[in-house]
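Q: structure for this input, please:
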Amino acid sequence: MLQNVVRAVREVRWSSVATVVGAGVIALVALVAALRGRTWAWLPFVLAAAIAVREVRYLQRLLHPPAGFDEPDRRD
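A: Okay, here's the model as predicted:
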């Protein structure tokens, strides 16, 4: 049981997790600034949110590789 946990922790792509968390924090701060009237903050908000979404989708693709043309559909 403990070996499975250790293996799972080692297989996590920590750099991508850190990217998602960091971009999320920056997006949240920029969104608050933009909602308080700082028009310049919309650009960092959009960039940080786009980076976070890209990394999340990358992590999802690693967990669920696409089915090939000859393979059956694995969606439930």
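Q: so for the chain, the centremost residue is which one?
A: Centroid check for the chain by CA atoms, centre = their mean gives residue 56 as the closest residue, at 2.4 Å.
Q: so who does that residue touch?
A: If a contact means CB atoms under 8 Å, 6 or more residues apart in numbering, then residue 56 has residue 20 as its contacts. Every C-beta, even on glycine, is put in place using the N, C-alpha and C of the backbone.
Q: okay, the lowest-mean-pLDDT helix or strand in the chain in CSV with CA atoms only?
A: Sorting the helices and strands of the chain by mean pLDDT, DSSP states H and E puts helix 2-11 at the bottom, at a mean of 73. What follows is helix 2-11 as a C-alpha-only set of coordinates in CSV (Å, rounded to 0.1, in the frame of the first residue of the first chain):
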residue,chain,number,x,y,z
LEU,A,2,2.7,2.5,1.0
GLN,A,3,4.7,1.5,-2.1
ASN,A,4,1.8,2.4,-4.3
VAL,A,5,1.5,5.8,-2.7
VAL,A,6,5.2,6.5,-3.1
ARG,A,7,5.1,5.5,-6.7
ALA,A,8,2.0,7.7,-7.4
VAL,A,9,3.8,10.7,-5.8
ARG,A,10,6.9,10.1,-7.9
GLU,A,11,4.8,9.9,-11.1
